[in-house]
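Peer 1: From the sequence below, what's the structure:
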Amino acid sequence: MSIEELVPLTNGLSITACSHTFMCDRARITGVSETSVDLAFWIAGTDYVPRLRLARAKLAVETPETVAGIVRRVAARAVCG
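Peer 2: Numbering: from 1, shown residues only. Down below sits the predicted model:
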């Protein structure tokens, strides 16, 4: 998966957390270094803006479904604690 695919994957991604459904929006990708990128996104309807750092090497070999699963877990933890 490429870095350019992260924003379309994250924007509009639905998340179930605490028995509610939320949607990710306004994803921002920032290159932190040559080895990692920072992904931040807003969870619509909340004040939460989770961030996660992904290694470029790991991102290159992961499928979009795997990355979406990671984003869903991070978002659910941000909302539910």
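
Peer 1: Tell me where this protein has helices.
Peer 2: With DSSP state H as the definition, the chain shows helices at residue ranges 6-10, 56-61, 64-80.

Peer 1: May I see those arranged in a markdown table, with mean pLDDT, distance to V49 and mean neighbour count as well?
Peer 2: (C-beta placed from N, C-alpha, C; glycine too.) Output for these, formatted as a markdown table (pLDDT from 0 to 100; distance: least, C-beta to C-beta, whole Å; neighbours: other C-beta atoms under 10 Å):
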| stretch | mean pLDDT | distance to V49 | mean neighbour count |
| --- | --- | --- | --- |
| helix 6-10 | 91 | 12 | 17 |
| helix 56-61 | 92 | 20 | 13 |
| helix 64-80 | 93 | 8 | 16 |
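
Peer 1: quick one, which of these is nearest to D47?
Peer 2: Closest of those to D47 is helix 64-80, at 10.2 Å (criterion: C-beta to C-beta).

Peer 1: returning to what we had before: will you turn the helices of the chain into CSV that also has distance to P50?
Peer 2: Listed next are the helices of the chain as CSV, based on distance: least, C-beta to C-beta, whole Å:
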stretch, distance to P50
helix 6-10, 10
helix 56-61, 17
helix 64-80, 4
